[in-house]
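**Student:** Structure for this input, please:
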Amino acid sequence: MAALPDLPFPNDSFDCVVGAWVLHYLPSALIDASLRELARVARPGAFLCLTTNANRHMEELWSRVPRVRYRLSFPAEEAARLLDGVAHQVRVTEVEGTVTFESLEQAREFIRPQVAPPSIADALEPFEPPLEVTRRAAVITGRFRP
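**Tutor:** Got it, this is the predicted structure:
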(Lines give C-alpha, C1' and ligand atoms only; values in the text may rest on other atoms or scores of the structure.)
Protein backbone atom coordinates (compact mmCIF):
# COMPACT_ATOMS: atom_id res chain seq x y z
CA MET A 1 0.00 0.00 0.00
CA ALA A 2 1.21 3.51 -0.78
CA ALA A 3 0.10 6.97 0.29
CA LEU A 4 1.23 10.43 -0.64
CA PRO A 5 3.54 12.06 0.08
CA ASP A 6 5.72 8.95 0.59
CA LEU A 7 5.61 6.51 -2.32
CA PRO A 8 7.55 3.20 -2.13
CA PHE A 9 9.04 3.44 -5.63
CA PRO A 10 12.57 4.21 -6.77
CA ASN A 11 13.41 7.49 -8.46
CA ASP A 12 12.63 7.70 -12.18
CA SER A 13 10.32 4.64 -12.18
CA PHE A 14 7.45 5.70 -14.43
CA ASP A 15 6.84 7.11 -17.90
CA CYS A 16 3.35 8.22 -16.87
CA VAL A 17 1.82 9.28 -13.56
CA VAL A 18 -1.95 9.38 -13.09
CA GLY A 19 -3.61 10.97 -10.09
CA ALA A 20 -7.36 10.54 -10.47
CA TRP A 21 -9.42 12.36 -7.84
CA VAL A 22 -6.62 12.14 -5.24
CA LEU A 23 -4.85 15.42 -4.60
CA HIS A 24 -7.89 17.47 -3.61
CA TYR A 25 -8.47 15.11 -0.65
CA LEU A 26 -5.05 15.81 0.86
CA PRO A 27 -4.50 18.52 3.46
CA SER A 28 -3.11 21.73 1.94
CA ALA A 29 0.13 21.26 3.87
CA LEU A 30 0.85 18.04 1.92
CA ILE A 31 0.22 19.28 -1.63
CA ASP A 32 3.73 20.58 -2.45
CA ALA A 33 5.46 17.53 -0.94
CA SER A 34 3.07 15.20 -2.79
CA LEU A 35 3.69 16.90 -6.13
CA ARG A 36 7.47 16.69 -5.57
CA GLU A 37 7.04 12.99 -4.73
CA LEU A 38 5.13 12.36 -7.97
CA ALA A 39 7.94 14.13 -9.84
CA ARG A 40 10.56 12.03 -8.02
CA VAL A 41 9.07 8.71 -9.13
CA ALA A 42 8.51 9.95 -12.71
CA ARG A 43 11.21 9.80 -15.34
CA PRO A 44 12.28 13.20 -16.71
CA GLY A 45 9.72 14.27 -19.29
CA ALA A 46 7.18 11.67 -18.13
CA PHE A 47 3.53 12.34 -18.88
CA LEU A 48 1.32 13.62 -16.07
CA CYS A 49 -2.46 13.27 -15.94
CA LEU A 50 -4.50 14.48 -12.98
CA THR A 51 -8.18 14.99 -12.31
CA THR A 52 -9.66 17.21 -9.64
CA ASN A 53 -12.78 19.14 -8.78
CA ALA A 54 -13.16 22.91 -8.97
CA ASN A 55 -13.98 25.06 -5.97
CA ARG A 56 -17.30 25.81 -7.70
CA HIS A 57 -18.13 22.08 -7.93
CA MET A 58 -21.80 21.55 -7.10
CA GLU A 59 -22.10 25.09 -5.74
CA GLU A 60 -25.90 24.91 -6.10
CA LEU A 61 -25.85 22.15 -3.47
CA TRP A 62 -23.12 23.46 -1.16
CA SER A 63 -24.68 26.93 -1.01
CA ARG A 64 -27.70 25.30 0.66
CA VAL A 65 -25.65 24.05 3.61
CA PRO A 66 -25.29 26.82 6.22
CA ARG A 67 -21.78 27.51 7.52
CA VAL A 68 -20.14 25.20 4.96
CA ARG A 69 -17.72 26.52 2.39
CA TYR A 70 -16.58 24.05 -0.27
CA ARG A 71 -12.85 24.65 -0.76
CA LEU A 72 -10.21 22.21 -1.94
CA SER A 73 -6.49 21.90 -1.32
CA PHE A 74 -5.88 21.16 -5.02
CA PRO A 75 -8.68 22.87 -6.97
CA ALA A 76 -8.86 22.99 -10.75
CA GLU A 77 -8.58 26.78 -10.62
CA GLU A 78 -5.13 26.56 -8.98
CA ALA A 79 -3.73 23.43 -10.65
CA ALA A 80 -1.42 25.15 -13.15
CA ARG A 81 0.07 27.40 -10.47
CA LEU A 82 0.53 24.54 -8.00
CA LEU A 83 2.26 22.42 -10.65
CA ASP A 84 4.59 25.22 -11.75
CA GLY A 85 7.65 23.86 -9.93
CA VAL A 86 7.37 20.24 -11.07
CA ALA A 87 5.70 20.22 -14.50
CA HIS A 88 5.63 22.16 -17.75
CA GLN A 89 3.35 22.16 -20.78
CA VAL A 90 0.51 22.07 -18.27
CA ARG A 91 -2.95 22.12 -19.78
CA VAL A 92 -6.11 22.40 -17.68
CA THR A 93 -9.25 21.23 -19.46
CA GLU A 94 -12.44 22.13 -17.62
CA VAL A 95 -15.23 19.58 -17.61
CA GLU A 96 -18.84 20.20 -16.61
CA GLY A 97 -21.79 17.90 -16.16
CA THR A 98 -25.06 17.66 -14.29
CA VAL A 99 -25.85 15.70 -11.16
CA THR A 100 -29.47 15.25 -10.10
CA PHE A 101 -30.55 14.68 -6.53
CA GLU A 102 -33.99 13.08 -6.49
CA SER A 103 -34.65 13.76 -2.80
CA LEU A 104 -33.44 15.77 0.17
CA GLU A 105 -32.30 12.59 1.90
CA GLN A 106 -30.25 11.53 -1.16
CA ALA A 107 -28.48 14.89 -1.11
CA ARG A 108 -27.84 14.63 2.63
CA GLU A 109 -26.39 11.15 2.19
CA PHE A 110 -24.04 12.55 -0.45
CA ILE A 111 -22.90 15.36 1.87
CA ARG A 112 -22.44 13.34 5.11
CA PRO A 113 -19.09 11.67 4.32
CA GLN A 114 -17.66 14.99 3.10
CA VAL A 115 -18.23 17.11 6.21
CA ALA A 116 -17.24 16.92 9.85
CA PRO A 117 -19.22 16.21 11.81
CA PRO A 118 -21.52 14.33 9.39
CA SER A 119 -24.55 15.79 11.15
CA ILE A 120 -23.86 19.07 9.34
CA ALA A 121 -25.62 17.44 6.37
CA ASP A 122 -28.87 17.64 8.32
CA ALA A 123 -28.71 21.44 7.96
CA LEU A 124 -29.11 21.18 4.17
CA GLU A 125 -31.95 23.51 3.28
CA PRO A 126 -35.03 21.73 1.91
CA PHE A 127 -35.63 21.90 -1.82
CA GLU A 128 -38.30 20.78 -4.19
CA PRO A 129 -36.92 17.72 -5.98
CA PRO A 130 -35.29 17.15 -8.25
CA LEU A 131 -32.30 19.39 -7.55
CA GLU A 132 -29.92 19.63 -10.51
CA VAL A 133 -26.40 20.80 -9.75
CA THR A 134 -23.37 21.43 -11.92
CA ARG A 135 -20.39 19.15 -11.56
CA ARG A 136 -17.27 21.20 -12.24
CA ALA A 137 -13.95 19.43 -12.59
CA ALA A 138 -10.82 19.42 -14.73
CA VAL A 139 -8.39 17.09 -16.42
CA ILE A 140 -4.83 18.36 -16.07
CA THR A 141 -2.05 17.11 -18.32
CA GLY A 142 1.60 18.03 -18.61
CA ARG A 143 5.15 16.77 -18.58
CA PHE A 144 7.44 16.45 -15.60
CA ARG A 145 10.41 18.77 -15.77
CA PRO A 146 13.72 17.15 -16.71
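**Student:** got a list of what the residue lying farthest from the centre of the chain touches?
**Tutor:** In the chain, counting by C-alpha atoms, centre = their mean, residue 128 sits farthest out from the average C-alpha position, at 28.8 Å. For residue 128, no residue counts as a contact, taking C-beta atoms under 8 Å, 6 or more residues apart in numbering as the criterion. The way it works is simple: take the backbone N, C-alpha and C, and place the C-beta from them, glycine included.
**Student:** Find the nearest non-adjacent residue to residue 104, please.
**Tutor:** Nearest non-adjacent residue to residue 104, counting by C-beta to C-beta, 6 or more residues apart in numbering: residue 126, 5.7 Å away.
**Student:** Distance check, the one you found against residue 103.
**Tutor:** Distance, residue 126 to residue 103, by C-beta to C-beta, to the nearest Å: 10 Å.
**Student:** And for residue 23?
**Tutor:** Spatial separation of residue 23 from residue 103 under the definition C-beta to C-beta is 31 Å.
**Student:** Of those two, which one has the most company?
**Tutor:** Between residue 23 and residue 103, counting by other C-beta atoms under 10 Å, residue 23 is the more crowded of the two (23 against 12).
**Student:** Assess the claim that that one and residue 75 are in contact.
**Tutor:** No: counting by C-beta atoms under 8 Å, residue 23 sits too far from residue 75 to count as a contact (9.6 Å).
**Student:** and for the two, which residues touch both?
**Tutor:** When contacts are counted by C-beta under 8 Å, 6+ apart, residue 23 and residue 75 have residue 52 as shared neighbours.
**Student:** picking up where we left off before, are we agreed that the residue nearest to residue 104 is in a strand?
**Tutor:** No: with DSSP: H, G, I helix; E, B strand; the rest coil as the criterion, residue 126 is located in coil rather than a strand.
**Student:** Brilliant, that's me finished.
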